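Colleague: attaching a predicted model along with its sequence, questions to come.
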2 protein chains.
Amino acid sequence: MKYLEDFHPGQCIVFGNHVVAKDAIVGFAEAFDPQVFHTNDAHQVTQELGGLMASGWHTAAIFMRLAVEAYLAQSAVLTSPGVDELRWLAPVRPGDTISGEAVVEEARQSASRPDRGILTTHVRLWNQDGVDVLTMKTHAFVRVRPH
Amino acid sequence: MKYLEDFHPGQCIVFGNHVVAKDAIVGFAEAFDPQVFHTNDAHQVTQELGGLMASGWHTAAIFMRLAVEAYLAQSAVLTSPGVDELRWLAPVRPGDTISGEAVVEEARQSASRPDRGILTTHVRLWNQDGVDVLTMKTHAFVRVRPH
């Protein structure tokens, strides 16, 4: 199990890969983001935008899956207060393979609750062509190592 | 259909309601955020955190569903470059009813692409007890009204 002390500025956490199937794009969108360019590849608006693309929230959820697999499941993470500067830089299309990384910016112990601290990372996701599709800054509460 | 000209600073777009079932919380988390406090209400960590809670990305996806229903489906929205200052302020629990609003901050025509502009809103979601669960600032490209 990794604790706050195990994270250091500049440390790069490498994510695995996630293939984004067309069915997954449409399924997520039908549940949460039923706009035509996420659900209907024959629609004129979709064609004007270059074809079907994943909801940006689907891409963000894929980030979370990759982050849990890469490090969060093995870390003493509590919850997250939020994220900043979330940017969708390029569309995620059916069949794309998404990978990425989280680079630690800061791991700072809490003054008011010394059993925990806040971990800040800069996240970048890219597709199989090396094109960045998402960047953001994440924050998470992480426990310090028990005595 | 609403175009950029139909949005004005201070305009408040009221969302409907979305009931968050326990099965939906667990299903979303198993797909995208398989941390124990989203998937296993009997786990010690979950109990320490006050019980099962929705993934923050699930809450963000629920925002999108409410926003599509409230106005995006009837607006000439293209895509979104991103969001800022996304904050998860309180846990979303099984059975919670989420509602919210988007208040327009700015609707500004693009200088370089005058057929569109950028719509910025401040979003707030709350639960059935009136407790805020999520806030953020959203940005979206919206077409201007065709001549």
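Modeller: Sure thing, it's come through. The shown structure was predicted, so the numbers you read here are calculated from the model rather than taken from an experiment.
Colleague: how about the residues of chain A near chain B?
Modeller: A:28, A:31-35, A:37, A:49, A:53, A:55-57, A:60-62, A:64-65, A:68, A:72-73, A:77-88, A:91, A:136 (CB under 8 Å from any CB of the partner chain). (Glycine included, C-beta is placed from N, CA and C.)
Colleague: filter those to the buried ones?
Modeller: A:28, A:31-35, A:37, A:53, A:55-57, A:60-62, A:64-65, A:68, A:72, A:77, A:80, A:82-84, A:86-88, A:91, A:136 (16 or more other CB atoms under 10 Å in any protein chain shown).
Colleague: what about these, which are in helices?
Modeller: In helices, judged by DSSP state H, the following of these are found: A:Phe28, A:Ala31, A:Phe32, A:Phe37, A:Gly56, A:Trp57, A:Ala60, A:Ala61, A:Ile62, A:Met64, A:Arg65, A:Val68.
Colleague: which of those scores worst on pLDDT?
Modeller: Within those, pLDDT reaches its minimum at A:Phe37, with 94.
Colleague: ok, and what's touching stretch A:26-46?
Modeller: A:25, A:47, A:49, A:51-55, A:57-58, A:61, B:61-62, B:64-65, B:68, B:72-73, B:77, B:79 (CB atoms under 8 Å, 6 or more residues apart in numbering or on different chains).
Colleague: switch to 6 Å and redo it
Modeller: A:Leu49, A:Leu52, A:Met53, A:Ser55, A:His58, B:Ala61, B:Met64, B:Arg65, B:Val68 (CB atoms under 6 Å, 6 or more residues apart in numbering or on different chains).
Colleague: restricting to C-alpha, output that stretch in PDB.
Modeller: Provided in PDB are the C-alpha atoms of stretch A:26-46 (Å, rounded to 0.1, in the frame of the first residue of the first chain):
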ATOM      1  CA  VAL A  26     -22.900   5.000 -27.500                       C
ATOM      2  CA  GLY A  27     -23.800   3.200 -24.300                       C
ATOM      3  CA  PHE A  28     -22.200   5.800 -22.000                       C
ATOM      4  CA  ALA A  29     -23.800   8.600 -24.100                       C
ATOM      5  CA  GLU A  30     -27.300   7.100 -24.000                       C
ATOM      6  CA  ALA A  31     -27.000   6.900 -20.200                       C
ATOM      7  CA  PHE A  32     -25.400  10.300 -19.500                       C
ATOM      8  CA  ASP A  33     -24.800  12.500 -22.600                       C
ATOM      9  CA  PRO A  34     -27.400  11.800 -25.300                       C
ATOM     10  CA  GLN A  35     -26.200  14.300 -27.800                       C
ATOM     11  CA  VAL A  36     -26.300  13.100 -31.500                       C
ATOM     12  CA  PHE A  37     -22.500  13.400 -32.000                       C
ATOM     13  CA  HIS A  38     -22.100  10.800 -29.200                       C
ATOM     14  CA  THR A  39     -25.000   8.400 -30.200                       C
ATOM     15  CA  ASN A  40     -25.700   8.600 -34.000                       C
ATOM     16  CA  ASP A  41     -22.900   8.400 -36.500                       C
ATOM     17  CA  ALA A  42     -25.200   9.000 -39.400                       C
ATOM     18  CA  HIS A  43     -26.500  12.300 -38.200                       C
ATOM     19  CA  GLN A  44     -25.500  15.400 -40.100                       C
ATOM     20  CA  VAL A  45     -24.100  17.200 -37.100                       C
ATOM     21  CA  THR A  46     -22.000  14.100 -36.300                       C
END
